[in-house]
Every structure is written in C-alpha cells, then in structure tokens.
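**Q** Please work out how this folds:
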Amino acid sequence: MRGMLQAPAERSRDFRGTAIRLVKRLTPHRGLTAAVIGLAIAALRSGLAGPRILGHATDLLFSGVIGRQLPAGITKQQAVDAARARGDGTFADLLSRMNVTPGAGIDFGAVGRTLLLALGLYLIAALLVWVQARLLNVTVQRTMVALRDDVEDKVAPAPVVVLRLTTARE
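**A** Residues are numbered from 1 along each chain as shown. Sure thing, here's the model as predicted:
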C-alpha cells in the first residue's frame, strides 16, 4: 500500500509520445484550449504594458521636479544652453531629452490619468487570467471525465448474463 502512494522514481522515457497523446486528448476541446492560450497571451501582453506606463508616470514626475527647479519664462533650449555654458554637459544632455517646461511643476492630472491607465490595464490582465483559469478548469474537468470513462470501459468486466432456469411449474 505504501508504494502505491509514492511518485514514480524515474521520468517518462517517451515525453514526445506522452505529449502527443495529451494533445489528442485535448482535441475534442480545441476551441476551449485555443481560448485558454489566447487569453494567456492577451493577459501577458496587458500585464507587460503596465510597467511601461508606470515608467511614463515616473518620467512625468521627474520632469515636473526638474522643470520646477528651472527659472520660469525661459524656453527649454535656453535652459539647455545655460547648462552647457556653465559646464554642466551631462545635465544639458539629460534636459534636452526630457519633455520639460521650465518653471512648471508636476502635472498631477497627467500623472493621475497615467496611473489610472496602468490600473485599468492591470485589472484587465487580472480579469483575463481569471477567465483563462475558469476555461482551463472546464477543459481539464472534461478531459478527466473522458479519461475516467475510457478507464471504466477498459477495466469494467463484461456484463454478467443471468440465465434464468425455468422450472416445470412456470
């Protein structure tokens, strides 16, 4: 009894054959299987877009902090030229690549919209993962029922025929 509860000590020798049999088992549910794979890809894509959007929110915050430190009333190019003139080439290069308005602070409206967009994408990704899990559960349950039916058909003995002997009284 104890040996029956332990996992096998060696790996499958025919992984490819096992994978092919599994794909054949999933063939009747190919629509659900394709939906599960499609939802996984969509959830992954929307989840990966979140950090990029959060990076944009960070850029907005950083641009606001730098813009507030610059004197108001000058253009960005004038601020870059002033930084180069005082020998701060690194800051000038950084400033030239930024979307900054001298004298303006953090645009909290833009930051808020960006964060709401990121939140929306994360919620969509969570919903897609939830639907994917539900469909995967249905697919696995249906496949398991088919496996159980196949095993039962193979293991169940042939039907027992009961012969009724008739007696002379009948």
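
**Q** Going by C-alpha atoms from here, please, whenever you check contacts or count neighbours.
**A** Fine.

**Q** Now the most centrally placed residue in the chain: closest residue in space that isn't a chain neighbour?
**A** Residue closest to the average C-alpha location in the chain (C-alpha atoms, centre = their mean): residue 44, at 3.1 Å. In space, and not counting its chain neighbours, residue 44 is closest to residue 125: 7.1 Å by C-alpha to C-alpha, 6 or more residues apart in numbering.

**Q** remind me which residues of this protein are low pLDDT?
**A** Where the chain drops to pLDDT under 70, the residues are 1-12, 157-170.

**Q** Please enumerate the helices of it.
**A** Assigned by DSSP state H, the chain shows helices spanning 2-5, 15-26, 30-69, 76-85, 89-97, 108-155.

**Q** rewinding a little: my read: the residue nearest to residue 44 touches residue 43, true?
**A** Yes - Residue 125 is in contact with residue 43 according to C-alpha atoms under 8 Å; the separation is 4.5 Å.

**Q** could you check the distance from residue 102 over to residue 96?
**A** Separation of residue 102 from residue 96 (C-alpha to C-alpha, to the nearest Å) stands at 12 Å.

**Q** Looking at the two, which is more packed in?
**A** residue 102 (23 against 15; other C-alpha atoms under 10 Å).

**Q** Could you find the closest non-adjacent residue to the more buried one?
**A** Nearest non-adjacent residue to residue 102, counting by C-alpha to C-alpha, 6+ apart: residue 67, 4.5 Å away.
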